[in-house]
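A.B. asks: kindly generate the corresponding structure for this input.
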Amino acid sequence: MPEQDDAIAELRRRVRDLEDRLAIMQILATYGPAVDSGSAGPAAQLWTDDGVYDTYPAVLHGRAAIAAMVDGELHQRLIHAGAAHLQGLPHVEVAGDRAVATAYSQLVLRDDTTDSFRIWRTGANRWQFVRTARGWQVTHRVNRQLDGGAEARDLLSAALDEGHAQEGG
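C.D. replies: A predicted model of the protein is given here:
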């Protein structure tokens, strides 16, 4: 029954791929609630011990630095005034125990002068992941503002290049 064995192996591969993609999307979905609630520990735990968050001009190295950002004066001021860190639906590529997700992000702030909300920043993000004993974790995140500069566009176009390479093109 080699055909049946091949079909079962293919099904297992597909299920694992779907589980990996779902786990990665869950990390992106966890980031906003973690940072907007001021939960520095859970936010930092999304990264590996030596993970990097590059959000120009700051580059945060390691969980302690990421937690300190969440606990920091600027971030605390934003969330206490009303803030939402939103992640767009990601483009995800999984290759074994490594993965990359590319997504838009927005930081929405409450404007108490008009009792409304406004988009403060919109960025392109490249999240890199590794499968660890604890599951998928972020190794590197780059966030660049969509301000007309080439860096953000380059992050977005890299997702298209990776997807094309995965298709064998």
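A.B. asks: this structure: strands as residue ranges?
C.D. replies: Along the chain, counting by DSSP state E, strands occupy 47-55, 58-61, 83-87, 91-95, 98-111, 116-132, 135-145.
A.B. asks: need those strands in TSV with mean pLDDT and mean neighbour count, can you?
C.D. replies: From N, CA and C alone the C-beta is placed, and that goes for glycine too. Formatted as TSV, the strands of the chain follow (pLDDT from 0 to 100; neighbours: other CB atoms under 10 Å):
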stretch	mean pLDDT	mean neighbour count
strand 47-55	97	17
strand 58-61	97	14
strand 83-87	97	18
strand 91-95	96	18
strand 98-111	98	18
strand 116-132	97	17
strand 135-145	98	19
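A.B. asks: kindly provide the distance from Met1 to Phe129.
C.D. replies: 36 Å (CB to CB, to the nearest Å).
A.B. asks: again, but for Arg13
C.D. replies: Arg13 is 18 Å from Phe129, by CB to CB.
A.B. asks: now swap in Glu19 and tell me
C.D. replies: Glu19 is 13 Å from Phe129, where distance means CB to CB.
A.B. asks: list the buried residues of the lengthiest helix in the chain.
C.D. replies: In the chain, assigned by DSSP state H, the helix with the most residues is helix 2-36. For helix 2-36, burial by neighbour count (16 or more other CB atoms under 10 Å) applies to 20-21, 23-25, 27-28, 30-32, 34-36.
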